[in-house]
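Peer 1: sequence? don't have it. structure:
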């Protein structure tokens, strides 16, 4: 039992001096932060002026114009189509990738590393860049957007699917294997059924993500409501632009609510 | 099915030696209860006999098939004739009782003919028949995770009946059950074994149950056979000696990745 005095010595101080590593990290961070602030030319004056311009935009944009609502609705519908079709194919292609990426279902280490690298490449390239590439490849329109969403969905879903597959309880699969089941049978019979609820939840997140990104993809010409939004802004038709923004807002919130409702029922 | 274990050694990659020169011969139709303290190698022995764990040295022959040399296909065929009952039941939770029973055909008929959606009417009838045998026909449509432990173990036995089972491995089949459910499961298991004249190896921790159900008791200690005989020939002192702390007491060996990782 240490005496009172030595107990006092064992007590940690209120403030521990940061290590050199912490200092280096903090200094680097601050250097970047200050440099960024200067580089962006942030000043109070500009912010004030920006706020004033914003007010001007709002006054020009209200009330939202409903004259072209039919065209806007059609473009929004196209955006939804892009998201649903893209995510569906993306999820279908994600499944084999996920099985190749997961430690417990991959046939060997080499295949696994190759699959993981393909998936992370798909994920690292932003969807907007995919859209730019596909617009060049297949031309303007929703097909480019769908292809971009497929790539993005594989990057996202294959990774989360693989993580779920690695978390499964291996024992039911072992029981089927002990009864003579083949590898495929174990995957289909024991592994996938356990993962299905999580796969559905992940896919629904993907749909939400895809609806949002499908809006942006239109900005580079990959179809959907983004095309309408850029042209409205470029032609200074701010009242129409506001309508588009409101429509996007309503649809995105609605999709999120529906997906939340479905998720809460299956998990 | 006739089993011969010859000088079997099994050690794990971490260096733990679980089985050290085990010899055992089990004749067709024998009802053997395997006893021993935790970590003495009972479960490892069963996993080795299923070819789920690679053997370090020695050999296991089941109906003349050498497990140390068996290729994938003959090994699967062999496994399809071996029914296994586990402590944790190991059913696929998200699926129906009926589908779980149908999975007993995976080894013989393959995936397509074992899925409820695509399998033959014969297999569907057989599955209901097996469920009826274990007294659970009325629960066929339920999901397995809604069942009690005792019911789940009976589903596992129905799945075993779906196989062309000749040999049964039961690895602590009642360790997760209360005494009454446990006794019901043991009664049913040994009724089925006698009905079909199956060979059975059952790991148990309850000495009184072992003496009641076994035709022959094999006691393992430190990876070797310490006792072997009819229940009536073994004194309770001898049986208790299995559980005395020896120099070789080991923590329970978890299945290696090869055993667990299904594919």
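Peer 2: Thanks, I have it. Note that this is a predicted model, so its numbers are computed, not measured. Residues are numbered from 1 along each chain as shown, chains lettered A, B, ... in the order given.
Peer 1: all contacts plus neighbour counts: C-alpha atoms, from now on.
Peer 2: Fine.
Peer 1: ok but residue A:176 is inside a helix, no?
Peer 2: Yes. Counting by DSSP: H, G, I helix; E, B strand; the rest coil, residue A:176 is found in a helix.
Peer 1: With adjacent residues omitted, what lies nearest to it?
Peer 2: Distances taken as C-alpha to C-alpha, 6 or more residues apart in numbering or on different chains place residue A:186 nearest to residue A:176, at 6.4 Å, with adjacent residues excluded.
Peer 1: That neighbour contacts residue A:170, doesn't it?
Peer 2: No. Here residue A:186 does not reach residue A:170: they are 10.0 Å apart, not a contact under C-alpha atoms under 8 Å.
Peer 1: neighbour count winner among those two?
Peer 2: Under the neighbour definition other C-alpha atoms under 10 Å in any protein chain shown, residue A:186 and residue A:170 were set side by side, and residue A:186 has more, 25 against 19.
Peer 1: following the strand or helix carrying the more buried one, which helix or strand comes up?
Peer 2: Take DSSP states H and E as the rule and residue A:186 turns out to sit in helix A:183-186. Read in the C-terminal direction, the helix or strand following helix A:183-186 is helix A:192-217, with elements assigned using DSSP H and E.
Peer 1: Check whether that next one comes near chain B.
Peer 2: Yes. Under the criterion of C-alpha under 8 Å from any C-alpha of the partner chain, chain B is reached by helix A:192-217 at A:193-194.
Peer 1: same question for that helix, mean pLDDT?
Peer 2: Mean per-residue pLDDT for helix A:192-217: 90.
Peer 1: Repeat that for stretch B:207-221.
Peer 2: Confidence over stretch B:207-221, taken as the mean pLDDT, stands at 91.
Peer 1: residues of it that come out buried?
Peer 2: Burial within stretch B:207-221, assessed by neighbour count using 16 or more other C-alpha atoms under 10 Å in any protein chain shown, is assigned to B:210-211, B:213-214, B:216-221.
Peer 1: Against chain A, which of those make the cut? List them.
Peer 2: Applying C-alpha under 8 Å from any C-alpha to the buried residues of stretch B:207-221, none is adjacent to chain A.
Peer 1: Out of those, which sit inside strands?
Peer 2: The strands, defined by DSSP state E, take in B:216-221 from these.
Peer 1: what's the first-to-last distance across stretch B:169-188?
Peer 2: Taking C-alpha to C-alpha, to the nearest Å, the first and last residues of stretch B:169-188 lie 14 Å apart.
Peer 1: And for stretch B:197-217?
Peer 2: Terminal-residue distance, stretch B:197-217 (C-alpha to C-alpha): 18 Å.
Peer 1: circling back: pLDDT averaged over the helix holding residue A:186 - what is it?
Peer 2: So the average pLDDT for helix A:183-186 ends up being 92.
Peer 1: Show me what that helix is packed against.
Peer 2: Contact analysis of helix A:183-186 by 3 or more C-alpha pairs under 8 Å, 6 or more residues apart in numbering or on different chains; DSSP states H and E lists helix A:170-178 as its packing neighbours.
Peer 1: Does anything pack onto the helix it packs on? Which helices or strands?
Peer 2: With contacts defined as 3+ C-alpha pairs under 8 Å, 6+ apart, the packing partners of helix A:170-178 are helix A:183-186, strand B:82-85, helix B:257-260.
Peer 1: Do a quick rundown of the helices in the stretch 51-200 of chain A.
Peer 2: Under the criterion DSSP state H, counting those that start in this stretch, helices of the stretch 51-200 of chain A are mapped to A:69-101, A:109-124, A:127-138, A:142-166, A:170-178, A:183-186, A:192-217.
Peer 1: Which residues belonging to the third one are considered buried?
Peer 2: Just to be clear, that refers to helix A:127-138. The neighbour-count criterion (16+ other C-alpha under 10 Å) identifies A:127-128, A:130-132, A:134-135 as the buried residues of helix A:127-138.
Peer 1: Up against chain A, what does chain B have?
Peer 2: Remark: the part of chain B in contact with chain A comprises B:50, B:52, B:75-84, B:90-95, B:103-104, B:106-108, B:110-111, B:160, B:163, B:259-263, using C-alpha under 8 Å from any C-alpha.
Peer 1: Residue 183: neighbouring residues, count only.
Peer 2: No chain in the question, so chain A it is. Count around residue A:183 with other C-alpha under 10 Å applied: 16.
Peer 1: my question was about chain B
Peer 2: By the other C-alpha under 10 Å criterion, the neighbourhood of residue B:183 contains 15 residues.
Peer 1: can you pull the pLDDT of residue 110?
Peer 2: Assuming you mean chain A. Per-residue confidence for residue A:110 comes out at a pLDDT of 95.
Peer 1: The chain in question should be chain B.
Peer 2: For residue B:110, the model assigns a pLDDT of 90.
Peer 1: Tell me how many other residues crowd it.
Peer 2: For residue B:110, the count of nearby residues is 18 (other C-alpha under 10 Å).
Peer 1: Residue B:167 now?
Peer 2: The number of residues packed around residue B:167, counting by other C-alpha under 10 Å, is 27.
Peer 1: OK, contacts around it?
Peer 2: Residue B:167 sits next to B:1, B:81-83, B:198-200 when contact means C-alpha atoms under 8 Å, 6 or more residues apart in numbering or on different chains.
Peer 1: got JSON lines for those, with pLDDT too?
Peer 2: Listed next are the contacts of residue B:167 as JSON lines, based on pLDDT from 0 to 100:
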{"residue": "B:1", "pLDDT": "85"}
{"residue": "B:81", "pLDDT": "93"}
{"residue": "B:82", "pLDDT": "94"}
{"residue": "B:83", "pLDDT": "93"}
{"residue": "B:198", "pLDDT": "93"}
{"residue": "B:199", "pLDDT": "94"}
{"residue": "B:200", "pLDDT": "94"}
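Peer 1: In TSV: these, plus neighbour count.
Peer 2: Formatted as TSV, the entries for these read as follows, by neighbours: other C-alpha atoms under 10 Å in any protein chain shown:
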residue	neighbour count
B:1	19
B:81	21
B:82	25
B:83	29
B:198	21
B:199	24
B:200	28
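Peer 1: which one among those gets closest to residue A:11?
Peer 2: Nearest to residue A:11 out of the contacts of residue B:167 is residue B:83 (C-alpha to C-alpha; 60.6 Å).
Peer 1: Might one say that that closest one is in contact with residue B:158?
Peer 2: No. Using C-alpha under 8 Å, residue B:83 is not in contact with residue B:158, being 10.0 Å away.
Peer 1: Contact partners for whatever residue of the stretch 101-250 of chain B ends up closest to chain A?
Peer 2: Among the residues of the stretch 101-250 of chain B, residue B:107 lies closest to chain A, at 4.0 Å counting by C-alpha to the nearest C-alpha. Applying C-alpha under 8 Å, 6+ apart to residue B:107 gives the contacts A:179-182, B:76-77, B:79-80, B:163.
Peer 1: Having no further points to raise, I will conclude here.
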